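J.: return atomic coordinates for the entry below.
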Amino acid sequence: MTSRTLPLSSNQLAHCLDQGAGEPLVLIHGVGMQAAAWGPQIAAFAQQYRVIAVDMPGHGQSTRLPGEPGLTDYVAWMVEFISALQLGPVNLAGHSMGALIAAGVAIERPDLVRRLAVINGVHLRTDAARHAVVTRSDELATGRVDVETPLQRWFDEGTTEASLVEDVRSWLENVDVQGYADAYRAFARGDVTYAERWSEVGCPALALTGAEDANSTPAMALSMAAQARNGKAVVIPHERHMVNLTAPAKVNAALAEWLGTTTN
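T.: Numbers count the residues shown, from 1 in each chain. So this is what the prediction gives:
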């Protein structure tokens, strides 16, 4: 696996893991994570595809965005990153915050996206859910990082392999606090940014989530898939927010089917 850093505009650096050869598959992780969070997908798909897992701005080894970036700033950054790869249109998959970014790229720059997959994405939260996530965002802005609460939301620690929980705990504990807070602010307020534009998604679109994900709900996945012109929803039973780690075989099977769909 190759570790690469690409220079972008305004002295921004984008770090990624790059493995395999073939049609490009670009992966965007969620808030507080890093490219390595796609480990099971990199291992599975690098045998047939060129898999590029990128560190989101302010995460891993990618530099932060200036000021107080919103979701559209992360989308613009991702557009620049994909363009810098010089690979033409890519298969683009995102998890959680990465799903919001991926959808934004597919809507703003459809020429860059061959297929779109949103995994545990959010879409038009309820007022109560929005209040809760904005409150968490405001707490992060003070520099207070609560690791245990997201782990409790994301995993059933009684049934999840302990090493997976510890990997995620380590990523959360070692994230750049300002980069985490910046991304969470955009994530908390970004569920409405492209929500009314899903009908513009013309490429094959997969919306996948866990049946027990209380924040990226099955209803959200079904709604996004229904609005896309060529959408499909997949809900994996008994799973929560980190479904790509806790149910990799099922997620990879859905992604393989998605990657096999015909594009224009």
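J.: now the helices for this structure?
T.: For the chain, the helices defined by DSSP state H occupy 39-45, 71-85, 97-108, 127-141, 148-154, 162-174, 177-189, 218-227, 243-246, 248-259.
J.: so the third one versus helix 177-189, what angle?
T.: Orientation note: helix 97-108 sits at an angle of 60 degrees relative to helix 177-189 (axes from the mean of the first three to the mean of the last three C-alpha atoms, to 10 degrees).
J.: other SSEs contacting helix 97-108?
T.: strand 24-28, helix 71-85, strand 90-95, strand 113-119, helix 177-189 (3 or more C-beta pairs under 8 Å, 6 or more residues apart in numbering; DSSP states H and E). Quick note: C-beta positions are derived from backbone N, CA and C, even for glycine.
J.: and the fourth one, by the same measure?
T.: In terms of contacts (3+ C-beta pairs under 8 Å, 6+ apart), helix 127-141 is packed against helix 177-189.
J.: residues in contact with the helix it packs on?
T.: 31-32, 56-59, 64-65, 68-71, 73-74, 96-97, 100, 122, 130, 133-134, 136-137, 140-141, 143, 145 (C-beta atoms under 8 Å, 6 or more residues apart in numbering).
J.: again, 6 Å this time
T.: 31-32, 58-59, 64, 69-71, 74, 97, 133-134, 137, 140-141, 143, 145 (C-beta atoms under 6 Å, 6 or more residues apart in numbering).
J.: what about the closest residue in space to Arg153 that isn't next to it in sequence, how many neighbours?
T.: Distance criterion C-beta to C-beta, 6 or more residues apart in numbering; nearest residue to Arg153, sequence neighbours excluded, is His241 at 6.4 Å. When neighbours are counted by other C-beta atoms under 10 Å, His241 registers 24.
J.: low-scoring stretches of the stretch 151-264 of the chain, by residue?
T.: Scanning the stretch 151-264 of the chain for pLDDT under 70 picks out 264.
J.: now with 80?
T.: 157-158, 263-264 (pLDDT under 80).
J.: equivalent analysis for the stretch 1-150 of the chain, please.
T.: Looking at the stretch 1-150 of the chain by pLDDT under 80, you get 10.
J.: rerun at 90
T.: Scanning the stretch 1-150 of the chain for pLDDT under 90 picks out 1, 9-11, 139-146, 148-150.
J.: now list the buried members of the contacts of helix 177-189.
T.: The neighbour count (16 or more other C-beta atoms under 10 Å) marks 31-32, 58-59, 64, 69, 71, 74, 97, 133, 137, 140 as buried among the contacts of helix 177-189.
J.: now the helices and strands packed on helix 97-108 as TSV including distance to Ala214?
T.: Formatted as TSV, the helices and strands packed on helix 97-108 follow (distance: least, C-beta to C-beta, whole Å):
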stretch	distance to Ala214
strand 24-28	22
helix 71-85	21
strand 90-95	16
strand 113-119	16
helix 177-189	16
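J.: export the buried ones among the contacts of helix 177-189 as TSV, with columns for distance to Leu8.
T.: Output for the buried ones among the contacts of helix 177-189, formatted as TSV (distance: C-beta to C-beta, whole Å):
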residue	distance to Leu8
Val31	20
Gly32	22
Gly58	13
His59	15
Arg64	12
Pro69	14
Leu71	18
Tyr74	12
Met97	19
Val133	28
Ser137	25
Leu140	25
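J.: max pairwise distance over the residues you listed: which two?
T.: Arg64 and Val133 (20.6 Å; C-beta to C-beta).
J.: before I go, just wanted to say thanks for your time.
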